[in-house]
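*Asks:* Kindly return the folded structure for what I paste below:
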Amino acid sequence: MFQQVPMVEIDGMKLVQTRAILNYIAAKYNLYGKDIKERALIDIYSEGVADLNEIILHYPFLPPGDKDGSLTQIKEKSRNFPAFEKALKTRVSNLPTVKKFLQPGSQRKPFEDEKFVEELKKSFG
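*Replies:* Purely as a prediction, here's the structure:
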């Protein structure tokens, strides 16, 4: 119907657009802060994550000469997250999957390797 992704079916509705989906789920499960100041902090954190995600998604497809600069950007964005983390509600930080992810040394999916990038280029090229 909407011919878009992401699309989520929830509560009899079809929601599109990432921010709309996230806002709906956050409001439904009372995860969007107790007041306007807390909501603003959550928005700052989520926008930071979105910015970082965009840099990370493009990283495997950059020419080798551009990867160092992009890696520096990733490190710069990432170092701000501990400050944002203090602003999040304890309840969210204590969710088992979130708590596990936030632990130092937790498993993270590695960047895509050159073989994957070449296969993807062939598929869409």
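
*Asks:* any idea of the pLDDT on Gln73?
*Replies:* Here, the pLDDT recorded for Gln73 equals 83.

*Asks:* just Tyr24 next, same as before
*Replies:* At Tyr24, the pLDDT value in this model is 91.

*Asks:* That one and Gln17 touch, don't they?
*Replies:* No - taking contacts as C-beta atoms under 8 Å, Tyr24 lies outside contact range of Gln17: 10.1 Å. From N, CA and C alone the C-beta is placed, and that goes for glycine too.

*Asks:* Which one of the two is surrounded by more residues?
*Replies:* Using other C-beta atoms under 10 Å, the more surrounded residue of Tyr24 and Gln17 is Tyr24, with 16 against 13.

*Asks:* what sits against the more buried one?
*Replies:* Ile10, Leu15 (C-beta atoms under 8 Å, 6 or more residues apart in numbering).

*Asks:* Within the helices and strands, which one has it?
*Replies:* helix 18-28 (DSSP states H and E).
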